[in-house]
Structures are given as structure tokens and as C-alpha cells.
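Trainee: What follows is a predicted protein model with its sequence.
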Amino acid sequence: MSDQKRSAKKHTPTAFGIDIGGSGIKGAPVNLETGEFSAGRVRIPTPLPATPDAVARTVAQVIDAFHLPPELRVGVTFPAVILHGVAQSAANVDPSWIGTNVETAVARATGRSVVAVNDADAAGYAETLYGAARNNAGVVIVVTLGTGIGSAIIVDGVLVPNTELGHLEIDGHDAESKAADSAREREGLDWAQWSARLQRYFKTVENLFWPDLIVVGGGVSKHHAMFLPLLDLRTKIVPAELRNAAGIVGAAALASRTTRPD
């Protein structure tokens, strides 16, 4: 990475988003009017082991690659259930995160005000503000298909956090064990075979929540033409638009809208 620091534009509302993943920690300042990065994204490999101190230091390195005003809010996605800033689980990071206050750990390393959010929640919220679900009132469900199934529910623009719909029990199985994109790859399913599983999954979801719109994200969404037309649902279902930027954008947007007590 170049020693030259990147500068965020200051003439528009801006917040900083960090996406903590199992392989990389990525960050960028986000123009909150457009949902676009206001400077080029920086990525640093996730440290091994991915302990709280090591990850927090890496987050600080990403932030320090930019010239940012000290008052700029920072939003951090984390692959876990997050309750009041505290990780209740740990996916693709060290188990020592469980019970750790993510916001406190990152704030201590960066000296900044921090809001932590589940990674799927951040991606879903970004889609409602700037992506495939923008201008949609009512109940929107965003589902990410990847190694597992992530989910976000947004009701009239308000995020309902930590829904974990990938862990619904369907036909005696954890849903993501059968319907995630990793199951398609692992079992060598063709698109039609996988779509049959998705049909069962999404039918269950819509019968439970009666959403107005379902948005499908994750890396496989770039192949949406191969499987979304095969689904027969009463709910409109569309591919996500923000793709890999969604986590950073959603984290920044939530940080700008979330208040924390002093």
C-alpha cells in the first residue's frame, strides 16, 4: 500500500465504513448523499489469529491510510450477532471475540466514535438506502447467499437487527446447510437443482414475514439470471446492486444515524 494517504471529500456528508471479513479488512469514506466511496477503498489482510487486539489494530491501519477529520463517525461490520456493540458469536474470526465489545475494542485502537453492526445487516441497510430496495416502503428482506445465508429485515427504513434467517430449520435442516451457495458448490448442483432448494427456502421466508420485496445478494447474485427466474414466489425478488461495496456503505450509513450514550 502506498505511503501517500488518501483524502476524503469534505463538502458532502461523510462517514467511514469498515468491513471486517475472514480474509480481509476493507474500508473507505462514504458519501452519504450518494452511497458512493469518496476515496479509493483500502484493504489489508485479516490478521491470523484474528483476535480482538490484532483486528482492532488492523482497522486502525486502514483508517490511518486516509486524512479524516477527528469527528468522523466510523461504522464497522462484523461477522457475528451484535447486541449493543457486543459480539455474541464469531464466524471466520477468533472465538475470543465472543463477549467482546466490538465498538469499545475498535474505539480504543482508533480513538474514534464507533458503531458495530452485523455484516448482513449492514449490506441490507445499504441496499435500502442506495441499491435495489431504495424507495421501497414496507417490509424488505435482503438475503446474502454465500458460505452461509445472511439476512437483514428493514421495515419502513428501520433495520430490525440480527435476524439470522439462514438458520431457520426447514425440513429438519439448518436452511443454509442446504440452500447456501456453498451447498451448491459442495454438492455439484446445477442451477435448476439449487433453485429448487432456494424455492423452498424463500417460500418459507415469505410465508413467515410477508415481505413487500426480497433482495438477493452475495457473490452468486452476479449470476442472478441463472436462478432467480426459476423461482415462483408471490413476492417480487430482485438481485442486489451494491455487491462488494454494500458492507462498507451500510456500516458508514448506520454509524451516521446511530447515537450512543456517552
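Mentor: Perfect, thanks for sending it. Numbers count the residues shown, from 1 in each chain.
Trainee: For stretch 52-69, give me every contacting residue.
Mentor: Contacting residues not belonging to stretch 52-69 are listed as 1, 5-8, 10, 16, 18, 20, 25-27, 29, 39, 42-44, 46-47, 74, 76, 93-94, 96-97, 100, 102, 105-106, 108-110, 112 [Cβ atoms under 8 Å, 6 or more residues apart in numbering]. In this view, the C-beta of every residue, glycine as well, is placed from N, C-alpha and C.
Trainee: Near the residue nearest to K236 when sequence neighbours are not counted, how many other residues are there?
Mentor: Closest residue to K236 apart from its sequence neighbours, by Cβ to Cβ, 6 or more residues apart in numbering: L213 at 5.4 Å. Using other Cβ atoms under 10 Å, L213 is surrounded by 20 other residues.
Trainee: would you list every one of the helices in the stretch 101-250 of the chain?
Mentor: 102-110, 119-130, 175-179, 181-187, 191-209, 246-257 (DSSP state H, counting those that start in this stretch).
Trainee: hmm, who's touching the second one?
Mentor: To tie it back to what came earlier, the one meant is helix 119-130. Contacts for helix 119-130 (Cβ under 8 Å, 6+ apart): 17, 19-21, 34-35, 75, 77-79, 117, 133-134, 136, 140-142, 144, 150-154, 157, 159, 161-162, 215, 217, 240-242, 245-247, 249-251, 253-254.
Trainee: ok, now with 7 Å
Mentor: Residues outside helix 119-130 that contact it (Cβ atoms under 7 Å, 6 or more residues apart in numbering): 19, 35, 77-79, 133-134, 140, 142, 144, 150-152, 154, 157, 159, 161, 215, 217, 240-242, 246-247, 249-251, 253-254.
Trainee: And the helices of the stretch 101-250 of the chain: which comes nearest S221?
Mentor: helix 181-187 (9.3 Å; Cβ to Cβ).
Trainee: No more questions from me, cheers.
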